[in-house]
Every structure is written in C-alpha cells, then in structure tokens.
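Q: Below are the sequence and a predicted model for it; my questions follow.
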Amino acid sequence: MRNCVHLITYANRLGGTRLEDLQHLLAGPLRGVFGGVHLLPFFYPIHGADAGFDPIDHLTVDPSLGDWSHITALSDDLDITADLIVNHISSHSRQCQDFLQNGDQSPYNGMFLTFGSVFPDGATEEELLRIYRPRPGLPFTTVTLASGQKAILWTTFTSEQIDLNVRHPQGAAYWKAILHKFQEHGIRTIRLDAVGYAIKKPGTSCFMIPETFEFIEELAQYARSLGLEVLVEIHSHYRQQIEIARQVDRVYDFALPPLILHALFNKTARHLKTWLAISPRNAVTVLDTHDGIGVIDVGAAGEADGSELPGLIPTHELDALVEMIHEKSGGQSRRATGQAASNLDLYQVNCTYYDALGRNDRDYLMARAIQFFAPGIPQVYYVGLLAGTNDMPLLEQTGVGREINRHYYRWDEVETALARPVVRDLLKPIRFRNEHPAFQGTFSLPECADSLLVIRWSQAETWARLTMDFSASTMEIAYLENGVEKHLNFNA
C-alpha cells in the first residue's frame, strides 16, 4: 500500500450510485486528496443481508454499480483495496443452492461447513461454549435439503451467510479464483474479511487458533505470488494484534479510535501513549469504518485458565467511555448499539466519529491529526471525510445498527459538505500527510506530561511534529521546509 492517506467507501454511497460517479468525484473535487481507495464490497448483490458482505457471486461486479472495467479504470490512478470475503458466501449463491438441491451428490458437497464436518463425533456442552462468536448464541443454522434431509450449517454471522470450508478443494478453488480476478483488474491489496473465523477445530474457540495463522500464511503466499498485498481484519485483544502483525503484511489498528476518544474525554494521553509506543508499525490506522467503534481491542480478555488479561483501558474507564459516546451523541448511539438494533455485534458502538465527539470541530480535527501522525497508513472512511452525522432515518428504515454510519451521499450533499469549515480544515492535514517527506522516515514519541502528546517524524534533514495539549484542547503541527520552521493553520 502506498504510504499516504487512503479513502474507505462504498461504491454507491459517495456522490452517486455508480462507480463512474465515484471516479468523477475522486478525479474532480477530491483530486489529489487520496492515493488509494478501499472499495467496500461491490460484488453481486450490493443490497444483500449484510451490505455486500454476503456475496451471491464474488466474481461479478453488481450491475447497478458498473462492471470490472470501472474497477480497472480506478486502479489506473489509485491503489485499490478490495475485500476477499473468505469466511462465508450467501445462502442464495449458485454453489449453496446446488448443495441444498443435491446434497451429497452436489459437486459443492464439502465446500460448506456443517456441524457434523467439524464435530464428526458430536460435541459436548463445554466444546460448544468454547466457540467464540461476535454475536449472541451459537453459530449454527438448520436447513432442509430438497431430499428432506436436514443439515446444520455453520453460520458465524447471519443465517444467510454460510461458512466455507476453505481447506476443501472447492473452497480453495473459490478463493483462488477471486484473487486471480482481483489481480486481473488492477487491485493491489486484499482485505481478508472475518478471516479470524475461517478455521474451525473441535475443542478450541474456532477463532484465531494456530491453524488460522497457517491458513492466513498459505493464502497470503498465494496472493503475493500474484503481486497482491494482504491486510488482515481482526478484532481482538491488543497483545494478540501485536502477535498477528508479526505474521502478516498489514493489520488494522483498531485500538486507536477508542484510545483517542479516551484521551479527548479525559484530557490525558497516558493510555494512548502506552499504545503508540508498542503498536504495530505495519498497521492501517482508522478512526471509523463501515462497522462500529470497537471496544474489544482495548479491553481486558479472559485467559484459558480463567484469569483476566488487562486491557489498554481499565474496564471501568472503558464502560465510562461507552457511556460518554452515548451522551455526546444525544443518545443516538445507544439506539443503534447492542440489543437496540439487529446485526448485533458485542464489541462495537455504532455511531459516527464526529457524533461520538459531540460534533465538536476542534476535537474532531485533533483526533484526525493524531491518526495521521500515528505509525501506519491512514484510511479515512467516507462519512468521516465529510464529518458526517448519524443517519437516524436510515437506522429507522433498516433497523440495522451499523447503518447509522452508512449514509447515502448525493453529489449535492458532497459539495455542501466539502464547503464546511471543518471539512476544509480536515483536507489540510490529509494533504500534508501525503506530501511531507518526513512521514517516509522515522517515528518517535518524546516523553512529556500525561496531558501532552508529542509525535515527531524525521527524514534526513527534515521533520514534522504534532504537539497536543489535552488539558487546553489545543494542537500545533510544525514542520521544516527548506530549512525554515512552519506551522499548519486551522480555523477551528
């Protein structure tokens, strides 16, 4: 991935409903702002049970968006990241429908994980309770085949997302074909969606077990042979993230968003600086994504022996942080989180980052400045780019909590948002992060009081420095240019 700021967006929610509209925006009003774009699932169908993460045909661009030629055209100017949804496929897919119709006689028999294929001798209550799932209940759905025979399919997320046996010849052929299609059309990075759940083994949590790492390495080697880089998406305890980072090309820094909120809410950078000192340097940094604001990544975790592994933020402070988000958002995030909405995730708060900060322009720009100076490659979510607010009508319409942060922006809405002072100010550090040579150099974290944060990047004879005073709610971005110290100015 190019070391610059990247955009994360749906193909049909930023400036129009087609890939051509997005390309027009990136080549027009946003020209030069981003060096890459992560296109969230654009496969058929874009409007499924999980906003494209339940592909019926992973090899086909949804016709309502365009076709593969539009992906190729985007890749001529930008580094493109695309999702490989490796854990599951839609129950309406050709492969799954063939299996449901023909059972053991289907060529895809064995491609889908069943309870019996993982637990051929049955499972004890203890084994079932060990399975980790990001939502309540067990990950199984009972189906009836055309023959009348019943089968218990493994469904980690929803009953319409059927888990794949990625080790089965048909399963392996499936994900390899997708990688070849990506390479053929100029995609440079693949994001492995939900890969932590891809390998199931009796007697384990079935999440990020040693065999999962083996599979990730197998897939990554195949991807690299095609010239593709691999980004792994996993929510887990921060120590596990550090370990995962040692074994893959890139990981997400999901700990950063709640840590920045904690620093701004509590006027201390103590926990944030602890993380920045040890965070993976091969990270992709985010503040917001198409999912919620994660909390599991900074929280405590239970050990196999029953003990607790401390988190980056103590439990009582993390509870207070979540409550503060609800308060800052006027209770809107509470209506979209947990049992208040479907697509329940146990480890996320559904809210735009701008609303999580009470729509405070100064705090929002401070949060983004930290992201751009943190180690890693920054990605900015399309709603966050426009300092977007919670879409309560879309939440009410769909009943899906995460839709609160998935607004459909018409072209005129984008133009209006780009004229707002907070958005104009946000483009300044984005361009600065893209252009200043210091960010190609060395990161350092000078010691200072807990209420202060200083981050410095240096390369040869030049440098860039972020100084933040949380007690005074102020920041300064200073840099060296042609031997002269200068400052980046903001209106907020």
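A: Sure, I can see it.
Q: Please work out which residues outside the helix or strand residue 74 falls within touch it.
A: If you go by DSSP states H and E, residue 74 is part of helix 68-75. With contacts defined as CB atoms under 8 Å, 6 or more residues apart in numbering, helix 68-75 is touched by 18-20, 22-23, 26, 37, 39, 42, 61, 80, 82, 181, 184-188. For every residue, glycine as well, the C-beta is placed using N, CA and C.
Q: The helix or strand following that helix vs helix 68-75, what angle?
A: The helix or strand immediately downstream of helix 68-75 is strand 79-85, counting by DSSP H and E. If you take axes from the mean of the first three to the mean of the last three CA atoms, to 10 degrees, strand 79-85 sits at 130 degrees to helix 68-75.
Q: List the neighbouring strands of strand 79-85 plus their orientation.
A: Here strand 79-85 is paired, per DSSP bridges, with strand 36-39 (parallel), strand 189-193 (parallel).
Q: Out of those, indicate the one that is most buried.
A: With neighbours taken as mean count of other CB atoms under 10 Å, the strands paired with strand 79-85 reach their highest mean count in strand 36-39, at a mean of 25.
Q: what sits up against that one?
A: Outside strand 36-39, the residues that touch it by CB under 8 Å, 6+ apart are 1-2, 4, 6-11, 22, 26, 71, 74, 78-82, 188-189, 191, 379.
Q: mind running it again at 6 Å?
A: Identification of contacts with strand 36-39 by CB atoms under 6 Å, 6 or more residues apart in numbering yields 2, 6, 7, 8, 11, 78, 79, 81, 82.
Q: Please produce a PyMOL select command covering the buried subset of those.
A: Buried residues among the contacts of strand 36-39 (16 or more other CB atoms under 10 Å), as a PyMOL selection:
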select buried, resi 6+7+8+11+78+79+81+82
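Q: hmm, back to that, check the model's average confidence along the helix holding residue 74 for me.
A: For helix 68-75, the mean per-residue pLDDT is 97.
Q: ditto for stretch 92-106
A: 96.
Q: Just give me how far that stretch sits from the chain centre.
A: 31 Å (CA atoms, centre = their mean, to the nearest Å).
Q: all strands of the stretch 51-200 of the chain, in order?
A: Secondary structure of the stretch 51-200 of the chain by DSSP state E, counting those that start in this stretch: the strands cover 57-61, 79-85, 88-90, 140-144, 150-154, 161-163, 189-193.
Q: can you give me how far the fifth one is from the chain middle?
A: On the basis of CA atoms, centre = their mean, the separation between the geometric centre of strand 150-154 and that of its chain is 29 Å.
Q: would you turn the strands of the stretch 51-200 of the chain into JSON lines with distance to residue 261?
A: Converted to JSON lines, those look like this (distance: least, CB to CB, whole Å):
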{"stretch": "strand 57-61", "distance to residue 261": "35"}
{"stretch": "strand 79-85", "distance to residue 261": "25"}
{"stretch": "strand 88-90", "distance to residue 261": "31"}
{"stretch": "strand 140-144", "distance to residue 261": "36"}
{"stretch": "strand 150-154", "distance to residue 261": "35"}
{"stretch": "strand 161-163", "distance to residue 261": "30"}
{"stretch": "strand 189-193", "distance to residue 261": "24"}
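Q: What number of residues are in the vicinity of the nearest residue to residue 118 once chain neighbours are set aside?
A: Taking CB to CB, 6 or more residues apart in numbering, and ignoring the residues beside it in sequence, residue 118 has residue 200 as its nearest neighbour in space, at 4.7 Å. Number of residues near residue 200 (other CB atoms under 10 Å) recorded here: 23.
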